[in-house]
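**Student:** How does the following fold in three dimensions:
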Amino acid sequence: MATPTREEIQALFDRRQRAWDARDAEALAATHAADGVVKSPMFGELHGREQITASYAKLFRTFPDWTFGDQPLVIDGDRVVQLFSATATHSADFMGLPATGRHFRITGARMHVIKDGLVQYEERLYDFTGLLIQVGVLKGKPAV
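**Tutor:** Here you go, the predicted model:
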């Protein structure tokens, strides 16, 4: 298939944003290729839509008020970088830590490769250590 157009990519990411806003794991996973790969600090390396769906479902169970805001996409052919900010409340077990009710905010970037109108590959980069400190998994003090 030919390289997707900017309009096709924007339409895909608009669909993804609607799924994020609805916290709809199935709809979000449907924007990934059936044999897609996701690399995530939170979930490790995921292969296939079934694992990707399960990770979104777990994310939304653990952080039911998760909001995901993005900035304009950086598009280069079939490659897309999406800068983002996310906020949520730790409302269920996370990495062995019972719900704390703590709120967090992170920023990061997600890199994608688009193939046949779907996300074939996604790699997420964000301050995972900061997230763990904010929800209480790790302890830390700011440097002085």
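**Student:** could you measure the residue most central in space within the chain against Ala99, distance?
**Tutor:** For the chain, the residue nearest the mean C-alpha position is Arg124 (6.7 Å; CA atoms, centre = their mean). With distances taken as CB to CB, to the nearest Å, Arg124 is found 23 Å from Ala99. C-betas here are computed from N, CA, C, even on glycine.
**Student:** do Gln10 as well
**Tutor:** According to CB to CB, Gln10 and Ala99 sit 36 Å apart.
**Student:** so what's Glu45 closest to, chain neighbours aside?
**Tutor:** Lys39 (5.2 Å; CB to CB, 6 or more residues apart in numbering).
**Student:** Beta-bridge partners for the one you found, please?
**Tutor:** Glu45, Glu123 (DSSP bridges).
**Student:** how much space between it and His112?
**Tutor:** 11 Å.
**Student:** Just give me the neighbour total for the residue nearest to Tyr56 when sequence neighbours are not counted.
**Tutor:** Setting aside the residues directly before and after it, Tyr56 is nearest to Ala25 in space (CB to CB, 6+ apart), at 3.7 Å. Residues near Ala25, counting by other CB atoms under 10 Å, number 19.
**Student:** Just want to check the distance between Ala25 and Ser40.
**Tutor:** Taken as CB to CB, the span from Ala25 to Ser40 is 14 Å.
**Student:** what do you get for Ala92?
**Tutor:** 18 Å.
**Student:** swap in Ile114?
**Tutor:** Ile114 sits 18 Å away from Ser40, going by CB to CB.
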